[in-house]
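> quick one, fold the following:
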Amino acid sequence: MWRTALFLLFTIVLIPFFAFSMDEPLTVEQRSILSDLVLVYVVAASVCFILSLLTGNYSQVDKLWSLIPVAYVWIVAIRAGFEPRILLMASLVTAWGVRLTYNFNRRGGYSLRFWDGEEDYRWSILQAKPEFKDKWKWVLFNLLFISFYQMGLILLFTLPILKSINGSPLGWIDLLIAVLFIGFVITETIADQQQWNFQKERKKLIDSGKPLPERYKKGFVSDGLWSVVRHPNYASEQAIWIVFYFFSVVATGIWLNWSVMGAVLLVLLFWGSSNFSESVSAGKYPEYEKYRERVARFVPIRFNKSRGR
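I've put the predicted structure just below:
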């Protein structure tokens, strides 16, 4: 996991450097707004780090994943004078945030004591690994990767809204992009609901002492959208922010601009995150390896069926 984390930390420095250097420079207005966004990012990441140290709950960033992008886009919208395209983009991100916040909350992610709530199971598994035996290594990992890398990534994948300021007039292509954005929010909602229904019913059967039907014995959901790809929720989340980037393409007429870096880094993060999640699932559930061989990860295309990866 150290290698994956170091690779991701390397990319979040290298990719923005090349992205900003190979595109048109930011305008004075964009630089001013970006400085405000970076200030919010630094404060939020620092708070996440401090709270995680004080509470031992390392899911502080998870609590903000669906909230702080909404803050970012409305800061841009206000500073940009509510341009039509910017207002549309901010509204779409708000709808995404409300939906994802609801899903995170019903899983116990939030608490009246905001620093509490359910912690991502993967952090405790990762923390127990031999490479984190020395406490300072985990503290450094928490500082650089969990807190500052993840919060930085959240800022980066919202930046197409900054690039779109003073762009071309709002047109029908923007509306098409909006429809695609909403479509992927819907598929993510369906995927999350299918997983929620499965886990809730499985727990109910276990608590009742009743024998588990075959569908629930294997321990993981593998039907519905989960029979098309292994991570339909992750796939939808990536697609949402890739689609969001194309607003900046329409606004500027530049197919490859610096705001693409957030979507690229998000794909890399989800690839590494799903690798770790699947290694845990394969260790817990005997049938997961067959499922992995049969069903593609994010895109329903198998390039090498014999390897199943």
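> every contact and neighbour count from this point should use C-alpha atoms.
Fine.
> in the stretch 101-250 of the chain, mark out all the helices, start to finish.
121-127, 135-141, 150-158, 160-163, 172-208, 214-217, 232-252 (DSSP state H, counting those that start in this stretch).
> the fifth one: which residues count as buried?
What it means is helix 172-208. For helix 172-208, a neighbour-count test (16 or more other CA atoms under 10 Å) marks 174, 177-178, 180-182, 184-185, 187-192, 194-196, 198-199, 202 as buried.
> the helices of the stretch 101-250 of the chain: which one's closest to residue 86?
Nearest to residue 86 among those is helix 160-163; the distance by CA to CA comes to 6.3 Å.
> what sits up against that closest one?
30, 33-34, 73, 76, 86, 89-90, 244-248, 252, 259-260 (CA atoms under 8 Å, 6 or more residues apart in numbering).
> ok, which of the helices of the stretch 101-250 of the chain comes nearest residue 48?
So among those, helix 150-158 is nearest, using CA to CA, at 9.0 Å.
> now do the buried residues in the closest one.
Using 16+ other CA under 10 Å as the test for burial, helix 150-158 gives 150, 151, 152, 153, 154, 155, 156, 157, 158.
> stretch 262-280 - what's its average pLDDT?
Over the span of stretch 262-280, the pLDDT mean works out to 91.
> list every C-alpha atom in that stretch, with coordinates, as PDB.
These are the backbone C-alpha positions of stretch 262-280, laid out as PDB (Å, rounded to 0.1, in the frame of the first residue of the first chain):
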ATOM      1  CA  GLY A 262      -8.900  16.100 -11.200                       C
ATOM      2  CA  ALA A 263     -10.800  13.500 -13.200                       C
ATOM      3  CA  VAL A 264      -7.500  11.700 -14.100                       C
ATOM      4  CA  LEU A 265      -6.300  11.600 -10.500                       C
ATOM      5  CA  LEU A 266      -9.800  10.400  -9.400                       C
ATOM      6  CA  VAL A 267      -9.600   7.400 -11.800                       C
ATOM      7  CA  LEU A 268      -6.100   6.600 -10.400                       C
ATOM      8  CA  LEU A 269      -7.400   6.800  -6.800                       C
ATOM      9  CA  PHE A 270     -10.400   4.500  -7.500                       C
ATOM     10  CA  TRP A 271      -8.200   2.000  -9.200                       C
ATOM     11  CA  GLY A 272      -5.900   1.800  -6.200                       C
ATOM     12  CA  SER A 273      -8.800   1.900  -3.700                       C
ATOM     13  CA  SER A 274     -10.700  -0.900  -5.500                       C
ATOM     14  CA  ASN A 275      -7.500  -3.100  -5.600                       C
ATOM     15  CA  PHE A 276      -7.300  -2.900  -1.800                       C
ATOM     16  CA  SER A 277     -11.000  -3.400  -1.300                       C
ATOM     17  CA  GLU A 278     -11.000  -6.500  -3.600                       C
ATOM     18  CA  SER A 279      -8.000  -8.000  -1.800                       C
ATOM     19  CA  VAL A 280     -10.000  -7.700   1.500                       C
END
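> how far out from the middle of the chain is it?
Centroid separation for stretch 262-280 versus its chain: 9 Å, with CA atoms, centre = their mean, to the nearest Å.
> likewise for stretch 274-284?
Distance of stretch 274-284 from its chain centroid, counting by CA atoms, centre = their mean, is 18 Å.
> got the contact list for it?
122, 288, 289.
> how about stretch 91-109?
Surrounding stretch 91-109, the residues in contact under the criterion CA under 8 Å, 6+ apart are 63, 66-67, 69-70, 73, 110, 117-119, 178, 181-182, 185, 189, 192.
> and which of these is nearest residue 49?
Nearest to residue 49 among the contacts of stretch 91-109 is residue 63, at 12.6 Å by CA to CA.
> so that closest one is in which element?
Using DSSP states H and E, residue 63 falls within helix 60-64.
> please identify the buried residues of that helix?
By neighbour count on 16+ other CA under 10 Å, the buried set for helix 60-64 is 60, 61, 62, 63, 64.
> please consider this matter closed, and thank you.
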